[in-house]
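Enquirer: Any chance you can model this:
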Amino acid sequence: MVSVRSNLLSLVVFVIGVVVCGALIGVATAPGPWFDTLVKPAFNPPAWVFGPVWTTLYILIGIAGWRIWHVNRSSTAMKLWFAQMILNFAWSPLFFGAHRMDLALGVIVLMLIAIFGFILTSWNRDRISAVLFLPYAAWVSFATLLNASLLYLNS
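Expert: Here you go, the predicted model:
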């Protein structure tokens, strides 16, 4: 019984921790007037899409992190999970806060590498965690193209 309770508590900590940190960073670095003035590519999604997409992705990221934590806390997959979280949380302050689309592009490329690294290193040990990261990999691939396009169109 203690083990089930402990597992449930750690799942809640992972998911709520990721969602709350992501939401706080999103609120603190909301796009604002600077972003509104940028020339955007035709495929730029409407603003309302980002909140639901990121909330869903953060839940999946939290679950995957929790699962890998229970498989092997010192694994390469777990290290990549933490690395991609740091990079994820660094992107918005660089892009929206500092208006550094160039540095943000570098960060998002590193984040994408960490995401794919996580998928590859967790695939054989916990396929569910790897699969949970596939929508995240797709979205960040799209976001990388969007970041690069915004940099190109506004340079």
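Enquirer: what's the nearest residue to the most centrally placed residue in the chain if we skip its chain neighbours?
Expert: Note on the chain: the residue nearest the mean C-alpha position is Asn88, at 4.6 Å, using CA atoms, centre = their mean. Nearest in space to Asn88, with sequence neighbours left out and distances taken as CB to CB, 6 or more residues apart in numbering, is Met111 at 5.8 Å. C-betas here are computed from N, CA, C, even on glycine.
Enquirer: Distance of that neighbour relative to Phe89?
Expert: 10 Å (CB to CB, to the nearest Å).
Enquirer: higher neighbour count, these two?
Expert: Met111 (23 against 17; other CB atoms under 10 Å).
Enquirer: my read: the more buried one touches Ser92, true?
Expert: No - using CB atoms under 8 Å, Met111 is not in contact with Ser92, being 11.5 Å away.
Enquirer: picking that back up, okay, the host helix or strand of the residue nearest to Asn88 in PDB with CA atoms only?
Expert: Here Met111 sits within helix 101-122, counting by DSSP states H and E. This file holds the C-alpha atoms of helix 101-122, laid out as PDB (Å, rounded to 0.1, in the frame of the first residue of the first chain):
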ATOM      1  CA  MET A 101      15.200  34.600 -31.600                       C
ATOM      2  CA  ASP A 102      18.700  33.600 -32.600                       C
ATOM      3  CA  LEU A 103      19.700  32.200 -29.200                       C
ATOM      4  CA  ALA A 104      16.200  30.700 -28.800                       C
ATOM      5  CA  LEU A 105      16.700  28.800 -32.100                       C
ATOM      6  CA  GLY A 106      19.900  27.300 -30.700                       C
ATOM      7  CA  VAL A 107      18.200  26.300 -27.500                       C
ATOM      8  CA  ILE A 108      15.200  24.700 -29.400                       C
ATOM      9  CA  VAL A 109      17.600  22.700 -31.600                       C
ATOM     10  CA  LEU A 110      19.400  21.400 -28.500                       C
ATOM     11  CA  MET A 111      16.000  20.700 -27.000                       C
ATOM     12  CA  LEU A 112      14.900  18.700 -30.000                       C
ATOM     13  CA  ILE A 113      18.200  16.700 -29.900                       C
ATOM     14  CA  ALA A 114      17.500  15.900 -26.200                       C
ATOM     15  CA  ILE A 115      13.900  14.900 -27.000                       C
ATOM     16  CA  PHE A 116      15.000  12.500 -29.700                       C
ATOM     17  CA  GLY A 117      17.800  11.300 -27.500                       C
ATOM     18  CA  PHE A 118      15.200  10.600 -24.800                       C
ATOM     19  CA  ILE A 119      13.000   8.700 -27.200                       C
ATOM     20  CA  LEU A 120      15.900   6.600 -28.500                       C
ATOM     21  CA  THR A 121      17.400   5.800 -25.000                       C
ATOM     22  CA  SER A 122      14.000   4.900 -23.400                       C
END
